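Trainee: next come a sequence and a model predicted from it.
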Amino acid sequence: MKQMKEQSAVEFLTIYGFMFVIIGVTITIIAFVAYTTNGYIPQQCSGLTGLNCQFVIYYSNSLQANAIITMQLTNSQSVPINISNITVSVRNFTFNGTCSPQFINPSGWTVCTIQGPYTPTLGSQIQGSYIIRAKYCNSPISNLNQTSCNFEKVSYVGTFMTTASKLSTTTTSSTSTTSTASTTSSTSTTTTSTSTSTTTTAPYVYCVGGNTGSAVNNVYYAPISTTGVGSWAATTNYPVNINDFVCSTSNGYVYCVGGYTGSSYLSTVYYAPISSTGVGTWTSTTAYPLASGYYSTNACSASNGYIYCVAGYTPGASITTVYYAPISSTGVGTWTSTSSYPLNVYVHTCSISNGYIYCVAGGIYTGGNDNLVSNVYYAPISSTGVGTWTSTSSYLVTDYGQSCSISSGYIYCYGGDAAGSYTTAVYYAPISSTGVGAWSSTAAYPLALFNSQCSISNGYFYCIAGHGNTNAVYYAPISSTGVGTWTASTSYPLSIYSHSCNIG
């Protein structure tokens, strides 16, 4: 009898101990959200290691007292997981939802859809928390499938902040819910067929300006998916012929900084709305503090309502200056100087992930000569600027004109001019709050190009044209083991370089 009681006690702890942990974590998160309700938190969607949150969108319809939350998550673990359900807490409301697909392989992603009654004012800031319940397997990956991955409970918790967006409504006879998704950090495609539904578009890539022998103002866009890049379409031209500049997308807008017209360097900044119908009207906004240009020299990236521009080139010299500014639907705010970059480089690449900016290689221009470097630095970013820069694992070659992008805890870089010749080399490395890990070589690009434009979405790397007078477009899957096979896709309408392409 004593043995049976001891066994029952063990079983009780095993079965219910997990539940106690979940309840404790949930209470902690809700307390955090309540504490910060009246304070400022930059737009974010963050979760614990294992199931990374890329974005969250809160659709609100006050007329029907209905709201839909969509959230994209990526499995950064080495084993698949099988999601049971998701619960979201906003103020005193609790929403329950589902994720599709439920079964996610390593580096795979899912979109969760959650419906609820809380309908805040459109444009207002929403803070909340979520908890995802799932099961996972610790068997070899080759033996896993949805059936066998059906034990060992695990939970993932996180917080988010977003703004309430308009929820369009349609009336249908169907009561089922179907979700399909192809998303980036700022765009979702979720179709919900119920009495109230929301439909947004697949991710698109937007390419601006460039050089075809001289600077042009053409702008094109195309849908992207796991099968490549779709048909390119012309859209609103940029206000001036421009090359050697940089653009970044955020929350449905594209912001472009500086550039070279072929005769003068600009400090001009323009922005425009982007959507599935292309690029809207371009509007001039707060000028950059310096006139800049020459091979897209200012490495600018947008994150959490701010744009950060690192080093670059002004007429005659490369520089260390770093500026940042708030961005919104009304343009770019005041530019403010922040921590200088450790090297006066240009034609480098900077990318942002989880509150850090990572800058790779570049060239130092002195006395009419380029001194290529392999240095890599990273720094924390916030609404107060860029923190202290720290040296981390050097790039495998001295290079400039490479194109880098970050996804699911890894940075992937292609091409550039390595020691006097264009390269097909592709390298990748893990990134974290402690810097960049060891770089590894992976599947080479089919062409040796300088200043190609590459971006990542939904586990695929898309590269568009580049110096080498090509309009070629290729894409490849990415994972924690590198880049897979490159496949040709729809060619860009122009043979071009020194353009700027971004996914939004």
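Mentor: Alright, I've got the coordinates. Numbers count the residues shown, from 1 in each chain.

Trainee: I'd assumed Phe95 was in a strand, is it?
Mentor: Yes: counting by DSSP: H, G, I helix; E, B strand; the rest coil, Phe95 falls inside a strand.

Trainee: quick one: contacts for Asn217?
Mentor: For Asn217, the contact set (C-beta atoms under 8 Å, 6 or more residues apart in numbering) comprises Gly209, Asn237, Tyr238, Pro239, Val240, Asn241, Ile242. Any C-beta I mention is one placed from the backbone N, CA and C, and that applies to glycine too.

Trainee: so where's the stretch 251-400 of the chain shaky on pLDDT?
Mentor: Scanning the stretch 251-400 of the chain with the threshold set as pLDDT under 70 gives 293-298.

Trainee: quick one on the thing from earlier: now, which of the contacts of Asn217 sits nearest Tyr422?
Mentor: Checking these against Tyr422 with C-beta to C-beta, the nearest one is Gly209 at 21.2 Å.

Trainee: for the buried ones among the contacts of Asn217, write the corresponding PyMOL selection.
Mentor: Here is the PyMOL command that selects only those of the contacts of Asn217 that count as buried (16 or more other C-beta atoms under 10 Å):
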select buried, resi 209+238+240+241+242
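
Trainee: make JSON lines from the contacts of Asn217 and add pLDDT, distance to Ile352 and secondary structure to it.
Mentor: Supplementary listing: the contacts of Asn217 in JSON lines, determined by pLDDT from 0 to 100; distance: C-beta to C-beta, whole Å; DSSP: H, G, I helix; E, B strand; the rest coil:
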{"residue": "Gly209", "pLDDT": "96", "distance to Ile352": "22", "secondary structure": "coil"}
{"residue": "Asn237", "pLDDT": "98", "distance to Ile352": "28", "secondary structure": "coil"}
{"residue": "Tyr238", "pLDDT": "98", "distance to Ile352": "24", "secondary structure": "coil"}
{"residue": "Pro239", "pLDDT": "98", "distance to Ile352": "26", "secondary structure": "coil"}
{"residue": "Val240", "pLDDT": "97", "distance to Ile352": "27", "secondary structure": "coil"}
{"residue": "Asn241", "pLDDT": "97", "distance to Ile352": "29", "secondary structure": "coil"}
{"residue": "Ile242", "pLDDT": "95", "distance to Ile352": "23", "secondary structure": "strand"}
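
Trainee: how far does stretch 320-340 sit from its chain's centre?
Mentor: The gap between where stretch 320-340 is centred and where its chain is centred comes out at 19 Å by C-alpha atoms, centre = their mean, to the nearest Å.

Trainee: what lies in contact with that stretch?
Mentor: Contacts with stretch 320-340, where a contact means C-beta under 8 Å, 6+ apart, come from 250-253, 255, 269, 271, 273, 283, 285-286, 288-290, 302, 305-312, 341-344, 379, 381, 383, 385-389.

Trainee: apply 6 Å and report the result again.
Mentor: Counting contacts by C-beta atoms under 6 Å, 6 or more residues apart in numbering, the residues outside stretch 320-340 that touch it are 250, 255, 269, 271, 285-286, 289, 305-311, 341, 344, 385-386.

Trainee: stretch 81-90 now?
Mentor: Counting by C-beta under 6 Å, 6+ apart, the neighbours of stretch 81-90 from elsewhere in the structure are 30, 69, 75, 95-97, 99, 102-104, 112, 114, 118, 128-136, 149.

Trainee: buried ones in it?
Mentor: In terms of neighbour count (16+ other C-beta under 10 Å), stretch 81-90 has its buried residues at Ile81, Asn82, Ile83, Ile86, Thr87, Val88, Ser89, Val90.

Trainee: looking at the contacts of Asn217, which is nearest Gly278?
Mentor: Asn237 (10.9 Å).

Trainee: gap between that closest one and Gln402?
Mentor: Distance of Asn237 to Gln402, computed by C-beta to C-beta, to the nearest Å: 28 Å.

Trainee: also Asn344?
Mentor: Taking C-beta to C-beta as the criterion, Asn344 is separated from Gln402 by 18 Å.

Trainee: who's more crowded, those two?
Mentor: Under the criterion of other C-beta atoms under 10 Å, the comparison of Asn344 against Gln402 puts Gln402 first, with 28 against 19.

Trainee: correct me, but the more buried one touches Ala418?
Mentor: No: proximity of Gln402 to Ala418 does not meet the contact threshold set by C-beta atoms under 6 Å, at 8.3 Å.

Trainee: show me what contacts Tyr474?
Mentor: Contacts of Tyr474 were listed using C-beta under 6 Å, 6+ apart, and they are Pro446, Cys463, Trp486, Ala488.
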